[in-house]
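Colleague: my questions concern the predicted model and sequence given below.
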Amino acid sequence: MKIHQAPILAAFGLTLCMAQPALAQIARTPVGAVNATIDGTPYSGETLDVPSEGTSTAEVRAFGPVTSISIQAHDPEAESIMRNVLSVEVSLMGNDASASIMDVSVSWWPDGMSEPFYLSEDSGTAPDIVFDALSLEDGRAAAQGSFSAVVCRRDGMFAEADTSDCRQVEGTFDTALRKAD
């Protein structure tokens, strides 16, 4: 694992841990969709807004000149909201639609947080993302585009990637983005 990956994994893990009890018990509203294939198997997930908590699974956050976009889709057909989660994380240099892409990460959590998951880092193939439309305007932020990545199995947050167990992921996203605090 590279040193710059630890904050991304920690942030995603924290988001999943904090979101699990909240999303399991309170009303949520789909605000977008992620459709993909994972090693040829179709995947359909929803991004969710949780108005009572002021949060969303599709958010945009600014850190000085860097803008971070997180698009986390949940499978509405899964037995638990935390199973079959597909996430795309993007860092941009700039704070408007002309911002350049700095870093992309794709992860897939088929069985929740306590089970092995798949991550694009250390797969040997750089993930790719294309924005067909991107608005970062407060109250109207939204993203539409496509992505592709190779994700490899990890047995835990800080475990090494198992490059003998990798999956090709390709998909599209179309979602509103909530500005994170």
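Modeller: Alright, I've got the coordinates.

Colleague: next helix or strand past the one helix or strand Ser91 maps to?
Modeller: Secondary structure from DSSP states H and E places Ser91 in strand 85-93. Remark: after strand 85-93, the chain's next helix or strand is strand 100-109, criterion DSSP H and E.

Colleague: how far away from the center of its chain is the strand or helix carrying Val169?
Modeller: Taking DSSP H and E as the criterion, the element that holds Val169 is strand 162-176. Mean-position distance between strand 162-176 and its chain equals 10 Å (CA atoms, centre = their mean, to the nearest Å).

Colleague: pull the helix or strand with minimum mean pLDDT from the chain.
Modeller: Comparing helices and strands within the chain by mean pLDDT, DSSP states H and E singles out helix 5-25 as the least confident, with a mean of 53.

Colleague: which residues touch the residue most central in space within the chain?
Modeller: Here the mean C-alpha position of the chain is nearest to the C-alpha of Ser87 (CA atoms, centre = their mean), at a distance of 2.2 Å. Contacts of Ser87 were listed using CB atoms under 8 Å, 6 or more residues apart in numbering, and they are 12, 70-73, 105-109. For glycine as for every other residue, the C-beta is placed from the backbone atoms N, C-alpha and C.
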